[in-house]
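# Here is my input; please provide its structure:
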Amino acid sequence: MTEPTETGIVPATQPEAKKEETYYLRFTLPQRYLHVVLFTSFLGLAATGLPMRFSDNASARFFARAVGGFGAILFLHKFCAIVLTLAFLYHLKDIFTRAAMHKEKGMFWGPTSMVANWKDVKDLVGHLKWFVGLGPRPQFDRYAYWEKFDYWAVFWGMIVIGFSGYAMWFAPFFAKFLPGWALNAVLVVHGEEALLAILFIFSIHFVNTHLRPDSFPMDMVIFTGKETEDEFKKKRPLEYERLARQGKLEEKVADKPVYWWVNFARVVGFTAILIGLLLLVLTLIAYFGTV
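Down below sits the predicted model:
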């Protein structure tokens with residue numbers, strides 16, 4: 001289509017091209033790899049630990065027969081435990097390296113730290129008020145209070161569940177310096193703490209991370225490591241403003257996630273969530289069936 005002008009016939013004005021979205025890096029590749037190892041080994045521990053915890057349940061016995069018996073389940077459980085332990089030790093090494101050797105500021109205090117502070121308390125109270133319409137929505141920085149809670153719940157679980165599990169695995173060694181009642185106690189502690197971890201991860205963590213309105217049906221940033229500028233501004237406006245004020249925002253600009261990788265991550269993520277929810281349902285059925 002053309003339009004007449006004083007100088008002749010020229011093409012009509014073309015519509016403006018759609019502005020390309022800007023992406024920002026949130027998680028590095030090693031952090032995303034570590035998360036994959038974490039959730040796959042945890043799913044393995046849950047899938048193998050629950051049949052042993054509820055060994056009198058019909059579903060547990062069926063699963064045990066399908067994989068070669070409870071001996072095979074115990075072997076797989078120990079294998080997943082080793083993998084998760086190595087991931088945890090790698091994380092501790094990363095913290096030590098960044099804090100002690102690289103002198104990275106903000107590891108243990110400030111807006112970029114996973115350590116809770118007074119602002120997290122105020123954000124929690126403010127969020128509760130916002131839920132019932134008594135105040136504005138809190139503004140978050142790099143990590144929200146529930147993300148820190150999730151992190152320390154896993155950290156605490158690694159110590160308690162991990163120690164009690166290895167105490168049962170290597171009971172003759174631990175019996176050299178632990179009284180008999182302590183070895184009996186770790187059996188109870190391991191089972192109950194592991195059950196609590198499963199219930200927490202497959203309900204609270206899933207809801208906080210993936211099923212809340214801001215992220216439903218899945219928060220892809222832990223898989224791609226990147227998020228759009230709109231997501232960044234909406235979810236963590238204080239971090240966006242802080243980086244812009246410090247002139248560091250451009251350092252976080254990243255390429256758009258590859259299309260095939262996004263689809264692959266969706267398949268992996270949805271599969272993990274469905275397995276987790278299935279294990280949650282089976283856990284509740286088995287638990288209340290034995291009460």
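# All the strands of this structure, in order from the start?
Assigned by DSSP state E, the strands in the chain fall at 2-5, 8-11, 23-25, 226-228, 253-254.
# can you list contacts of the fourth one?
Residues lying outside strand 226-228 but in contact with it, judged by C-beta atoms under 8 Å, 6 or more residues apart in numbering, are 21, 22, 23, 24, 25, 26, 221, 235, 254, 255, 256, 257. In this view, the C-beta of every residue, glycine as well, is placed from N, C-alpha and C.
# again, but for the third one
Contacting residues not belonging to strand 23-25 are listed as 225-229, 232, 249, 252-257 [C-beta under 8 Å, 6+ apart].
# and those, which two are the farthest apart?
249 and 257 (19.0 Å; C-beta to C-beta).
# Grab the nearest non-local neighbour of residue 221.
Among residues not flanking residue 221 along the chain, residue 227 sits closest, at 4.8 Å (C-beta to C-beta, 6 or more residues apart in numbering).
# for that neighbour, which residues make a bridge with it?
residue 24 (DSSP bridges).
# Which of the contacts of strand 23-25 has the largest number of neighbours?
Highest neighbour count within those: residue 227, with 23 neighbours (other C-beta atoms under 10 Å).
# what about it, distance to residue 26?
Using C-beta to C-beta, to the nearest Å, we find residue 227 at a distance of 6 Å from residue 26.
# what residues are shared contacts of these two?
Joint contacts of residue 227 and residue 26 (C-beta under 8 Å, 6+ apart) are residue 221.
# all helices of the stretch 101-250 of the chain, in order?
118-131, 145-169, 171-174, 180-199, 206, 221-224, 229-235, 237-246 (DSSP state H, counting those that start in this stretch).
# Check the ones you listed for me and report the most buried one.
The highest average neighbour count among the helices of the stretch 101-250 of the chain, using mean count of other C-beta atoms under 10 Å, belongs to helix 221-224 at a mean of 20.
# Burial check on the nearest residue to residue 162 once chain neighbours are set aside, number of neighbours?
Counting by C-beta to C-beta, 6+ apart, residue 85 is the residue found nearest to residue 162 once chain neighbours are left out, at 6.3 Å. Neighbour count for residue 85, taken as other C-beta under 10 Å: 15.
# got it, and residue 144?
18.
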